[in-house]
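Colleague: show me how the following folds:
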Amino acid sequence: MRKVLFILFASLFVLAGELKAQKNGYELGVRFGDTYGSSLVIDGMIPIGSGRIHADLSFWDDGLTLAGLYNWQFPVVESLYFYPGVGATLSTAGSEVGIGAVGEVGLEYKFKFPLSIGLDWRPVIGLVNYSGFHADGLGLNVRYRF
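Modeller: Alright, predicted model coming up:
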């Protein structure tokens with residue numbers, strides 16, 4: 001199951017090459033913080049339409065989580081952006097699969113060189129096999145811009 005989800009996540013970036021890139025382009029990096037109880041999170045952005053897809057692949061003790069969100073971006077001041085978003089998560093823990101709805105609000109700074117740093121909060125509502133509201137998803141994103 002981990003290999004399948006990893007291939008799916010990698011395929012998002014390959015297929016995204018068919019989409020028209022925005023001036024900010026694609027981003028790939030890591031996420032630090034309390035995200036789904038994970039110790040390693042691969043974080044990426046794929047421009048699409050007037051927004052972007054914010055995708056994460058989180059590896060943790062006995063499973064992994066794939067999160068996909070659609071973000072809108074609003075400039076605050078030069079190089080600083082506010083981004084709200086909505087999406088879903090798919091988690092595995094042993095043989096159990098969980099599905100959740102996720103929201104996101106954050107601020108992101110895009111340096112003049114190809115680096116973006118963002119701080120965001122992701123509340124999650126467990127829908128299948130993980131019930132309840134989880135509000136501990138504060139994270140720091142560091143990504144390279146292509």
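Colleague: the helix or strand containing Tyr70 packs against which elements?
Modeller: Element membership of Tyr70 [criterion: DSSP states H and E] is strand 63-71. Other elements packing on strand 63-71 under the criterion 3 or more Cβ pairs under 8 Å, 6 or more residues apart in numbering; DSSP states H and E are helix 2-16, strand 51-60, strand 80-93, strand 96-110. Placement of C-beta: from N, CA and C, glycine included.
Colleague: would you reformat these as a markdown table and include distance to Asp120?
Modeller: Below are those laid out as a markdown table (distance: least, Cβ to Cβ, whole Å):
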| stretch | distance to Asp120 |
| --- | --- |
| helix 2-16 | 19 |
| strand 51-60 | 9 |
| strand 80-93 | 7 |
| strand 96-110 | 3 |
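Colleague: roughly how far out does stretch 52-67 sit from the chain middle?
Modeller: Its chain's C-alpha centre and that of stretch 52-67 lie 8 Å apart, by Cα atoms, centre = their mean, to the nearest Å.
Colleague: do stretch 86-99 as well
Modeller: On Cα atoms, centre = their mean, the centre of stretch 86-99 falls 14 Å from that of its chain.
Colleague: for it, what is the average pLDDT?
Modeller: Throughout stretch 86-99, pLDDT has a mean value of 89.
Colleague: quick one: end-to-end distance for it.
Modeller: Terminal residues of stretch 86-99 are spaced 14 Å apart (Cα to Cα, to the nearest Å).
Colleague: okay, buried residues for that stretch please.
Modeller: Neighbour-count burial for stretch 86-99, with 16 or more other Cβ atoms under 10 Å as criterion, is recorded at Gly87, Thr89, Leu90, Ser91, Thr92, Ala93, Gly98.
Colleague: now the element after the lowest-mean-pLDDT helix or strand in the chain, going C-ward?
Modeller: Lowest mean confidence among the helices and strands of the chain (mean pLDDT, DSSP states H and E): helix 2-16, at a mean of 55. Next in sequence after helix 2-16, counting helices and strands by DSSP H and E, comes strand 27-33.
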